[in-house]
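Trainee: predicted model follows, preceded by the sequence.
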Amino acid sequence: MLDLATAVLAISVHVDSALRTVATPTPSPAPEFDETIVTPGPAGFIVIFAIALLTVLLILDMVRRVRRVRLRDGLATEARMANELRVGGDGRASGDGQASGDGRGAGDSKAP
(Lines give C-alpha, C1' and ligand atoms only; values in the text may rest on other atoms or scores of the structure.)
Protein backbone atom coordinates (compact mmCIF):
# COMPACT_ATOMS: atom_id res chain seq x y z
CA MET A 1 0.00 0.00 0.00
CA LEU A 2 2.87 2.28 0.73
CA ASP A 3 4.20 1.76 -2.76
CA LEU A 4 0.84 2.72 -4.25
CA ALA A 5 0.69 5.92 -2.17
CA THR A 6 4.23 6.81 -3.17
CA ALA A 7 3.42 6.21 -6.84
CA VAL A 8 0.28 8.40 -6.66
CA LEU A 9 2.25 11.14 -4.91
CA ALA A 10 4.98 11.00 -7.54
CA ILE A 11 2.43 11.18 -10.35
CA SER A 12 0.66 14.13 -8.74
CA VAL A 13 3.96 15.99 -8.35
CA HIS A 14 4.72 15.48 -12.04
CA VAL A 15 1.19 16.52 -13.10
CA ASP A 16 1.37 19.56 -10.83
CA SER A 17 4.71 20.70 -12.25
CA ALA A 18 3.44 20.11 -15.80
CA LEU A 19 0.32 22.18 -15.15
CA ARG A 20 2.32 24.99 -13.59
CA THR A 21 4.54 25.29 -16.64
CA VAL A 22 1.50 25.39 -18.93
CA ALA A 23 -0.42 27.84 -16.72
CA THR A 24 2.38 30.39 -16.43
CA PRO A 25 3.78 31.16 -19.85
CA THR A 26 6.88 33.26 -20.04
CA PRO A 27 6.19 36.74 -21.37
CA SER A 28 7.50 37.49 -24.80
CA PRO A 29 9.05 40.86 -25.58
CA ALA A 30 6.55 43.49 -26.69
CA PRO A 31 6.48 44.18 -30.42
CA GLU A 32 7.64 47.54 -31.73
CA PHE A 33 4.94 50.21 -31.19
CA ASP A 34 3.82 52.11 -34.32
CA GLU A 35 1.92 55.34 -33.51
CA THR A 36 0.57 55.84 -37.03
CA ILE A 37 -1.46 52.67 -36.77
CA VAL A 38 -2.99 53.52 -33.38
CA THR A 39 -3.65 57.28 -33.59
CA PRO A 40 -5.65 59.09 -36.27
CA GLY A 41 -3.03 61.82 -36.60
CA PRO A 42 -3.58 65.25 -38.13
CA ALA A 43 -5.91 63.95 -40.84
CA GLY A 44 -8.28 62.49 -38.24
CA PHE A 45 -8.25 65.73 -36.26
CA ILE A 46 -9.08 67.74 -39.36
CA VAL A 47 -11.96 65.43 -40.29
CA ILE A 48 -13.47 65.52 -36.78
CA PHE A 49 -13.05 69.32 -36.63
CA ALA A 50 -14.77 69.69 -40.02
CA ILE A 51 -17.69 67.50 -38.90
CA ALA A 52 -18.07 69.56 -35.72
CA LEU A 53 -17.92 72.84 -37.68
CA LEU A 54 -20.51 71.65 -40.20
CA THR A 55 -22.77 70.54 -37.34
CA VAL A 56 -22.59 73.97 -35.71
CA LEU A 57 -23.32 75.69 -39.05
CA LEU A 58 -26.25 73.35 -39.67
CA ILE A 59 -27.71 74.12 -36.24
CA LEU A 60 -27.34 77.88 -36.81
CA ASP A 61 -29.07 77.60 -40.19
CA MET A 62 -31.89 75.57 -38.66
CA VAL A 63 -32.40 78.14 -35.90
CA ARG A 64 -32.54 80.92 -38.49
CA ARG A 65 -35.11 79.03 -40.57
CA VAL A 66 -37.29 78.31 -37.51
CA ARG A 67 -37.22 82.00 -36.58
CA ARG A 68 -38.22 82.93 -40.13
CA VAL A 69 -41.17 80.50 -40.05
CA ARG A 70 -42.31 81.87 -36.68
CA LEU A 71 -42.06 85.44 -37.98
CA ARG A 72 -44.09 84.60 -41.06
CA ASP A 73 -46.70 82.86 -38.91
CA GLY A 74 -46.85 85.89 -36.61
CA LEU A 75 -47.29 88.23 -39.58
CA ALA A 76 -50.02 86.01 -41.00
CA THR A 77 -51.79 86.01 -37.62
CA GLU A 78 -51.55 89.82 -37.41
CA ALA A 79 -52.93 90.11 -40.94
CA ARG A 80 -55.87 87.85 -40.03
CA MET A 81 -56.54 89.89 -36.89
CA ALA A 82 -56.44 93.15 -38.86
CA ASN A 83 -58.72 91.64 -41.48
CA GLU A 84 -61.19 90.56 -38.82
CA LEU A 85 -61.16 94.09 -37.38
CA ARG A 86 -62.00 95.50 -40.81
CA VAL A 87 -64.94 93.12 -41.13
CA GLY A 88 -68.01 94.54 -39.42
CA GLY A 89 -69.92 92.86 -36.62
CA ASP A 90 -72.53 91.46 -39.03
CA GLY A 91 -69.97 89.53 -41.08
CA ARG A 92 -69.73 92.01 -43.95
CA ALA A 93 -66.65 93.78 -45.16
CA SER A 94 -66.80 97.47 -44.35
CA GLY A 95 -66.45 98.69 -47.95
CA ASP A 96 -68.20 96.33 -50.41
CA GLY A 97 -71.42 95.34 -48.66
CA GLN A 98 -71.15 91.62 -49.51
CA ALA A 99 -69.94 88.78 -47.35
CA SER A 100 -68.86 85.32 -48.42
CA GLY A 101 -70.28 82.21 -46.80
CA ASP A 102 -67.25 81.58 -44.61
CA GLY A 103 -67.41 84.87 -42.73
CA ARG A 104 -64.76 86.64 -44.76
CA GLY A 105 -65.45 89.56 -47.00
CA ALA A 106 -65.22 89.36 -50.79
CA GLY A 107 -61.91 91.20 -50.86
CA ASP A 108 -60.22 88.93 -48.29
CA SER A 109 -58.83 86.40 -50.75
CA LYS A 110 -55.94 88.73 -51.66
CA ALA A 111 -52.82 88.71 -49.54
CA PRO A 112 -52.10 92.08 -47.87
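Mentor: Perfect, I can see it now.

Trainee: pLDDT weak spots in this protein?
Mentor: The chain contains residues with pLDDT under 70 at 1-2, 16, 18-27, 29-31, 33-36, 88-112.

Trainee: what about the strands in it?
Mentor: Assigned strands in the chain: none (criterion: DSSP state E).

Trainee: for it, what's the longest helix?
Mentor: Scanning the chain for the longest helix, with DSSP state H as the assignment, gives helix 41-86.

Trainee: helices or strands up against that one?
Mentor: In terms of contacts (3 or more C-beta pairs under 8 Å, 6 or more residues apart in numbering; DSSP states H and E), helix 41-86 is packed against no helix or strand at all. (Glycine included, C-beta is placed from N, CA and C.)

Trainee: residues touching residue 78, list them.
Mentor: By C-beta atoms under 8 Å, 6 or more residues apart in numbering, the contact set of residue 78 is empty.

Trainee: gap between it and residue 64?
Mentor: Distance, residue 78 to residue 64, by C-beta to C-beta, to the nearest Å: 21 Å.

Trainee: kindly report the same for residue 71.
Mentor: From residue 71 to residue 64 the distance is 11 Å (C-beta to C-beta).

Trainee: likewise for residue 54?
Mentor: Residue 54 is 16 Å from residue 64, by C-beta to C-beta.

Trainee: what of residue 6?
Mentor: Separation of residue 6 from residue 64 (C-beta to C-beta): 92 Å.

Trainee: same check on residue 41?
Mentor: According to C-beta to C-beta, residue 41 stands 35 Å off from residue 64.

Trainee: try residue 84
Mentor: Taking C-beta to C-beta, one finds residue 84 at 31 Å from residue 64.

Trainee: again with residue 17
Mentor: Counting by C-beta to C-beta - residue 17 and residue 64 are separated by 77 Å.

Trainee: same deal with residue 9?
Mentor: Distance from residue 9 to residue 64, by C-beta to C-beta: 86 Å.

Trainee: just residue 49 next, same as before
Mentor: Residue 49 is 23 Å from residue 64, by C-beta to C-beta.

Trainee: count of neighbours near residue 83?
Mentor: 15 (other C-beta atoms under 10 Å).

Trainee: check residue 37 too.
Mentor: Neighbours of residue 37 using other C-beta under 10 Å come to 6.
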